[in-house]
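# Model the following, please.
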Amino acid sequence: MSERRLSGLSRAEQEGALRRCQADYDAAKARLAHVGFLCEGSLAEIYTCCRNPNCRCADPARRHGPYFQLTWKEAGKTMSRRLSAQEADLYRQWIANRRQLESVIRQMQAVSRRVGEYLLADMGRPFQGPTRPRPGRRSDV
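Sure thing, here's the model as predicted:
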């Protein structure tokens, strides 16, 4: 894979480590092919109370619903829309696909970082990138 020596490892160990990284990366790329349509946001199943004391929903176990609500960020604002049960099923799958994609990307970043550390260490240089993926906002909102 690479002729550079990884610091502290024998030639066979270096080649093995780089082959494992390449295999991990290839496996992650293959998982990308199975990701379907995507949607940003999150889906909530909501049960409500109409506050009529004579209504069945006065009992918390018998509230109205389920109602489905899709929520996402757009231009810094939180947006929400009510969905039918059939729409909610579609969006649920699309959101799961997006989360799967994000997971695969995180795995690819981790493998890339390991390879970068190996190759740069062999050159006597430290890896200059982030120590781990950026801790960010939750991506499902």
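
# So for the protein, the centremost residue is which one?
Computing the C-alpha centroid of the chain and ranking residues by CA atoms, centre = their mean puts residue 102 first, at 2.9 Å.

# Could I get the average pLDDT for the helix or strand in which that one is found?
Using DSSP states H and E, the element containing residue 102 is helix 85-122. Mean per-residue pLDDT for helix 85-122: 92.

# just checking, what packs against it?
Judged by 3 or more CB pairs under 8 Å, 6 or more residues apart in numbering; DSSP states H and E, helix 85-122 is in contact with helix 11-32, strand 42-48, strand 64-74. Bear in mind the C-beta positions are built from the backbone N, C-alpha and C, glycine included.

# Let's have those in TSV, adding distance to residue 94.
As requested, the helices and strands packed on helix 85-122 are exported to TSV (distance: least, CB to CB, whole Å):
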stretch	distance to residue 94
helix 11-32	16
strand 42-48	9
strand 64-74	10
